[in-house]
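Asks: Sharing a sequence plus its predicted fold:
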Amino acid sequence: MHPNFPFSVHWTLVFVKLMIQVFNELTRPNIRQMKPYSAVEIPCRVKLDANEAPYGLVPGLLEVETNRYPDPEARELRHHLAQTLNVGTENIILGNGSDEVIYHLITALGGPVLYPTPTFVMYGIIAQTLAEATVPVPLDDNLDLNAAAMTEAIKRHNPRLIFLSSPNNPTGNNFDYETMLEILRLSRGIVIIDEAYQPYSTRPSVIPLMARYNNLYVMRTLSKVGLAALRVGLLIGAADGIAELNKVRLPYNVNALSQRLALAALRDGGLIEHNIKTVITERQRLFEGLAHINNITTYPSEANFILIKTNNAKTLHQRLLKNGILVKDMTSALEDCLRITIGKPEENTEILSALEEIKGAKL
């Protein structure tokens, strides 16, 4: 040890231990009780667990001044998105993924935060992180909105925020349209319809409904159409509400590379549209193939994944993983269910073959 160094290794470790203890004691109780969101990367050959698009996009080399901060307003990207979505640029705010948009909303508006369950887990996790009350309302037996339960929860809790993911993750279905309209009419808070998977849906966007409902805001993401690495999410809504959210948005939250790459990919939208159509075609093929496998219930999907139910989901998940195929184990949210992301044609063929073989062996 250096003669001028005042601490021994022993006392250094004691000091570190005490500092950890102090931090733990100062951590808010709601944070200490939470479990972090787990995004573990499991080694596999065929990755069909994360609802990613099977195709990436390579717009080409882009010139980005890496010594300069990015445009804090992401004006070019927002302008292009506004034109595409037929809204004003002032009606859009961007986030570092949809997660950050959700964070902005709950930071600005607070709770209670109401959402059906199971659904996208970050609505609840971020609300809990910010110590806001959560009101999860179970879906009905058809995995749709429970209209009576939602109505009762809205009247009882008067939520400031309601999140409706349609198509819903992990169930894959669009929620009943009339029930969503009734929620919009009944709520005195802001209703967010999360259209992360809308590009794969037969139902048009609800963005035009914003002209009728001033409490409706629509969330989108570029993550599900081949740009997940860029982390670009967006919220569309009334300009005055977007202006309030901008007060809590951190500066330079969408980096320059993401802005440029997203803009280049969207301007050359033909590749994105082609890939979406391919996924929809493959979704139908995978659905039909799954429907013919014994002891598997396949749920119709309007997203880029399919939910299945089987009497041995956890065992099936492990057997697939041993074959190098990773799907999402949903058993903690939906009994005996797995979620399969639509992959490339050869990946979809491989999982069908693996499932037929495993089920043929009567697991």
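Replies: Right, received. Where do you want to start? The structure presented is a predicted model; accordingly, all values stated were derived computationally and were not measured.
Asks: List the buried residues in the one helix or strand H104 maps to.
Replies: Secondary structure here is read from DSSP states H and E; on that basis H104 sits in helix 98-109. Using 16 or more other Cβ atoms under 10 Å as the test for burial, helix 98-109 gives S98, D99, E100, V101, I102, Y103, H104, L105, I106, A108, L109. (Glycine included, C-beta is placed from N, CA and C.)
Asks: for it, what is the average pLDDT?
Replies: Throughout helix 98-109, pLDDT has a mean value of 95.
Asks: which other helices and strands contact it?
Replies: On a contact count with 3 or more Cβ pairs under 8 Å, 6 or more residues apart in numbering; DSSP states H and E, helix 98-109 meets strand 92-95, helix 122-129, strand 161-165, strand 190-194, strand 216-221, strand 233-236, helix 239-246.
Asks: repeat that for 10 Å
Replies: strand 92-95, strand 113-117, helix 122-129, strand 161-165, strand 190-194, strand 216-221, strand 233-236, helix 239-246 (3 or more Cβ pairs under 10 Å, 6 or more residues apart in numbering; DSSP states H and E).
Asks: Export the buried residues of helix 98-109 as CSV, with columns for distance to P118.
Replies: Written out in CSV, the entries for those read as follows (distance: Cβ to Cβ, whole Å):
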residue, distance to P118
S98, 17
D99, 17
E100, 22
V101, 20
I102, 16
Y103, 21
H104, 24
L105, 20
I106, 19
A108, 26
L109, 23
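Asks: Among the residues you listed, which one sits closest to S258?
Replies: Comparing the buried residues of helix 98-109 against S258 with Cβ to Cβ picks out E100 as the nearest, at 12.0 Å.
Asks: Can you verify my assumption that the closest one contacts R231?
Replies: Yes. With contact defined as Cβ atoms under 10 Å, E100 and R231 form a contacting pair (8.2 Å).
Asks: and for those two, which residues touch both?
Replies: Among the neighbours of E100, those also in contact with R231 (Cβ atoms under 10 Å, 6 or more residues apart in numbering) are N253, V254.
Asks: Name the surrounding residues that touch stretch 272-281.
Replies: By Cβ under 10 Å, 6+ apart, the residues outside stretch 272-281 that reach it are 53-57, 199-202, 222, 224-227, 265-266, 269, 286, 301-305, 341-345, 348.
Asks: What remains of those if I keep only buried residues?
Replies: 53-55, 57, 199-201, 222, 224-227, 265-266, 286, 301-305, 341-343, 348.
Asks: Looking at the residues you listed, which are in strands?
Replies: Helix and strand membership here follows DSSP state E; of these, those in strands are F305, T341.
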